[in-house]
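*Asks:* Predicted model, plus sequence, below.
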Amino acid sequence: MKPLPLVTQELNKQLEQVKAQSIVNKKMSMITKRVLFYFSLGCIVTLPAYAHDMIPAEAQSTAILFTNASLHTVIDGVKLNTDLLIEDGKIKAIGQNLIAPKARIIDGTDKHIYPGLIALDTSLGLVEVEMMRPSNDSYEVGEINPQLEVITAFNPDSEIIPTIRVNGITHAQVVPQGDSLAGQSSLVSLDSWTVEDALVPTQTAFHLYWPRLGRLSQDKEKRLEQTDKYDQRVADISQAISDGYRYFLASKVNKINKLDLRWQSLLPLYKGEAQLFVHANTQKQIEEAASLAKQYHFKLVIVGGYDAWRLGELLNEIEAKVIYTRTLSLPMRKDEPIDLSFRIPALLKQAEIPFALGFSSDWNSRNLPLAAGQTVAYGLTKQEALKSVSLDAARILGVDDMGAIDVGYKANLVVSKGDILDPMETKIEKVYIDGREIDLNNRQQQLYQKYLKR
């Protein structure tokens, strides 16, 4: 049977197109081919970095009884040779010789059980490869963005997350970055299928990055230009907060003429239902932030807080808290003692300022236990250091059932053979989030095992 004329014409047309494309391909320059090759190779290499292959644990279905363990409760000291019962994702009982016929028994002899650690001021799930701009979702354009919620950009499948929780970190505060009002942070679980599963309810937290006045120039004109620029940025922040306050007053009497998402999102802050996290380190920055918070009766948390210990009276007057993030850093000023950064947590304790330790990073936030351990050598007790990365961190975020081992608290637990704050001794064997045993495998361990067999 001969093909129909129309079909024959169409086939001939397609053949001509194929021949033409072949000629174009032959004329393509070698440079263009290399560009396409490396682009394709880059896609192949980077795609796996956006999703790890560890399967999130299922909800706890069987009660678990740990026996004869050392419980670092944070609330009530260390309980030696003590049993711990967890059920339905929460701690049900603590004591000696507990009986739970239907529970799975785990011998805790010679083992330590800690509450899961909480990493504050991180960019986990927002940054995958620091040198690749497309994999960095921590910034947004513009300076006044209080309406932005960082959870919308959080990637629960980040390859970095399993490398963090293997060090006993079960939750993280994911924080937006920026130059002024950067948006709202979220507390997330580090084992989840989706963003919704990861999100832990907390008080709304707005993040404001206070302008920084760097080293002043010796040239009078340049110095004046620096100070003027700083004053203008501070004035812009004050104006934005003032605009938001007027919007708040108008909302109270139902006289909002035009909906503004920026000021609408800020309403909980003016109502006292949210906290303002101000990223500031120097005394000048902290004093100006405290003055702003006092004027509008904001609940203030200073993030960074290098000079906060010098302002104990001011911060305690407005009931401000501090997230100190420079435990492993060098001094900010040349004329300061080399160990000042290490001693500041103890100085905050002496000033009676409520504080917790943070580690401002993505992949490097895994060093949070090391940072807490460092403070033990410079004035804090082991219990105070552990509390600063567990219970105190939870309380600063407005969470009252995490960060400690006590009846009714969430079963976020770390089982270790050694001191969790000492990287030379600790050997974490199990991690539980809401009573679910988490897979501690990760990309780094996979690569280690791979090249171990080479």
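*Replies:* Done, it's in.
*Asks:* after the helix or strand harbouring residue 226 comes which helix or strand?
*Replies:* Secondary-structure assignment from DSSP states H and E places residue 226 in helix 220-252. Toward the C-terminus, helix 220-252 is succeeded by helix 261-270 as the next helix or strand (DSSP H and E).
*Asks:* Mind listing what's buried along that next one?
*Replies:* Neighbour-count burial for helix 261-270, counted by 16 or more other CB atoms under 10 Å, picks out 262, 263, 265, 266, 267, 269, 270. The C-beta positions use only the backbone N, C-alpha and C, and glycine is treated the same way.
*Asks:* for stretch 78-95, same thing?
*Replies:* By neighbour count, and taking 16+ other CB under 10 Å as the criterion, the buried residues in stretch 78-95 are 79, 82, 83, 84, 85, 86, 87, 90, 91, 92, 94.
*Asks:* of those residues, closest to residue 194?
*Replies:* Within those, distances to residue 194 taken as CB to CB reach their minimum at residue 90, with 22.1 Å.
*Asks:* Name the helix or strand for residue 315, please.
*Replies:* When elements are assigned from DSSP H and E, residue 315 belongs to helix 312-317.
*Asks:* tell me what that helix is packed against?
*Replies:* Helices and strands in packing contact with helix 312-317 are listed as helix 283-296; criterion 3 or more CB pairs under 8 Å, 6 or more residues apart in numbering; DSSP states H and E.
*Asks:* Report the angle between the helix it packs on and helix 261-270.
*Replies:* Angle, helix 283-296 to helix 261-270, by axes from the mean of the first three to the mean of the last three CA atoms, to 10 degrees: 80 degrees.
*Asks:* Provide the secondary structure category for residue 118.
*Replies:* At residue 118, secondary structure determined by DSSP: H, G, I helix; E, B strand; the rest coil is strand.
*Asks:* I'd like the distance between it and residue 402.
*Replies:* Here the distance between residue 118 and residue 402 works out to 7 Å (CB to CB, to the nearest Å).
*Asks:* what sits in contact with each of those two?
*Replies:* Taking CB atoms under 8 Å, 6 or more residues apart in numbering as the criterion, residue 118 and residue 402 both touch 171, 390, 394.
*Asks:* Quick check on residue 115: phi, psi?
*Replies:* In this entry, residue 115 is assigned phi and psi values of phi -70, psi 150 (degrees, to the nearest 10).
*Asks:* That one: neighbour count?
*Replies:* Applying the criterion other CB atoms under 10 Å, we find 31 residues in the vicinity of residue 115.
*Asks:* ok, and the closest non-adjacent residue to it?
*Replies:* Excluding the flanking residues, the one nearest residue 115 by CB to CB, 6 or more residues apart in numbering is residue 390, at 4.6 Å.
*Asks:* follow-up on the earlier one: quick one: strands adjacent to the helix or strand following the helix holding residue 315?
*Replies:* Note on helix 312-317: by DSSP H and E, the next helix or strand toward the C-terminus is strand 321-324. Applying DSSP bridges to the sheet, strand 321-324 is found paired with strand 299-304 (parallel), strand 355-357 (parallel).
*Asks:* so where do the strands sit in the stretch 1-150 of the chain?
*Replies:* Counting by DSSP state E, counting those that start in this stretch, one finds strands in the stretch 1-150 of the chain at the ranges 64-72, 78-87, 90-95, 104-107, 112-115, 117-122.
*Asks:* tally of neighbours for residue 381?
*Replies:* Summarising burial for residue 381: neighbours were counted as other CB under 10 Å, giving 12.
*Asks:* Make sure residue 330 is actually in contact with residue 340.
*Replies:* No: counting by CB atoms under 8 Å, residue 330 does not reach residue 340; the two are 9.1 Å apart.
*Asks:* more crowded one of those two?
*Replies:* residue 340 (18 against 12).
*Asks:* quick one: contacts for the more buried one?
*Replies:* With CB under 8 Å, 6+ apart, residue 340 has these contacts: residue 331.
*Asks:* Tell me the spacing between it and residue 210.
*Replies:* Here the distance between residue 340 and residue 210 works out to 21 Å (CB to CB).
*Asks:* ok so, going back, could you check how far the residue nearest to residue 115 is from residue 362?
*Replies:* In this structure, residue 390 and residue 362 are separated by 21 Å, where distance is defined by CB to CB.
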